[in-house]
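Trainee: Build the 3D model from these lines:
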Amino acid sequence: VGHNLTLFDTSNAPSWWLATVMTSFVVDFCARVKLGGTHMSSFIIRQLPIPSPGTFRQAPGWTTQPLADWLRPRVAELTYTAHDLRAFGEGLGFDGEPFVWVDERRSWLRAELDAALFHLYGIERDDVEYVMDTFPIVRRKDEAVFGEYRTKERILQIYDALADAVDGGYAYESVLYPPPGHGPRHPQRKESS
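Mentor: Here you go, the predicted model:
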């Protein structure tokens with residue numbers, strides 16, 4: 001494999017952990033700060049702040065369950081959205097029909113994931129605001145559709161709720177109903193004869 005294509009060995013941890021972290025705003029920000037051109041070279045990838053698998057086995061302050069168990073239902077709803085992803089969904093512990101793609105739910109699920117990862121990295125609230133302000137395309141698209149930078153506002157709202165849960169010693173309760181991992185599913189697919 002050449003310089004511009006990196007393979008990740010995920011034999012020590014589920015690949016969805018890595019995908020979740022790599023698609024977060026915090027890691028995207030770190031990558032953009034390090035990039036000097038258009039290639040994500042292997043030496044840049046090696047410098048990215050990727051938590052060790054042990055991090056996902058620990059319970060963060062906003063829940064008593066391991067971080068992986070808190071993340072899993074959110075990741076499942078965001079990714080297991082089509083029948084051809086059944087094996088991936090089952091790997092996350094979600095069998096049955098795939099989740100329906102609902103933009104509003106997805107926005108909140110994504111905000112919960114990003115806010116949790118900002119907490120995991122120990123990023124202070126003011127710095128979260130700064131990081132989010134470095135995504136002008138996301139901001140411009142949000143403002144064109146919603147009249148505000150909705151992505152940033154939702155992440156900050158969840159970030160504050162997670163901080164309150166940690167400070168208060170109680171478990172964070174998702175803004176979503178039904179809770180993550182229990183969202184709408186596609187109707188059962190009829191087998192063709």
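
Trainee: show me what contacts Leu120?
Mentor: Pro51, Thr55, Pro60, Leu67 (CB atoms under 8 Å, 6 or more residues apart in numbering). The C-beta positions use only the backbone N, C-alpha and C, and glycine is treated the same way.

Trainee: Kindly recompute the last result at 10 Å.
Mentor: By CB atoms under 10 Å, 6 or more residues apart in numbering, the contact set of Leu120 is Val21, Ser24, Val26, Pro51, Thr55, Phe56, Gln58, Pro60, Leu67, Leu71, Leu162.

Trainee: Turn the residues you listed into TSV, columns for secondary structure, distance to Ala111 and pLDDT.
Mentor: Below are those laid out as TSV (DSSP: H, G, I helix; E, B strand; the rest coil; distance: CB to CB, whole Å; pLDDT from 0 to 100):
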residue	secondary structure	distance to Ala111	pLDDT
Val21	helix	16	87
Ser24	coil	11	93
Val26	helix	13	94
Pro51	coil	20	84
Thr55	helix	21	87
Phe56	helix	20	86
Gln58	coil	22	91
Pro60	coil	16	92
Leu67	helix	17	93
Leu71	helix	13	95
Leu162	helix	11	97
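
Trainee: Looking at neighbours, which among these is most surrounded?
Mentor: Most neighbours among the contacts of Leu120, by other CB atoms under 10 Å: Leu71, with 23 neighbours.
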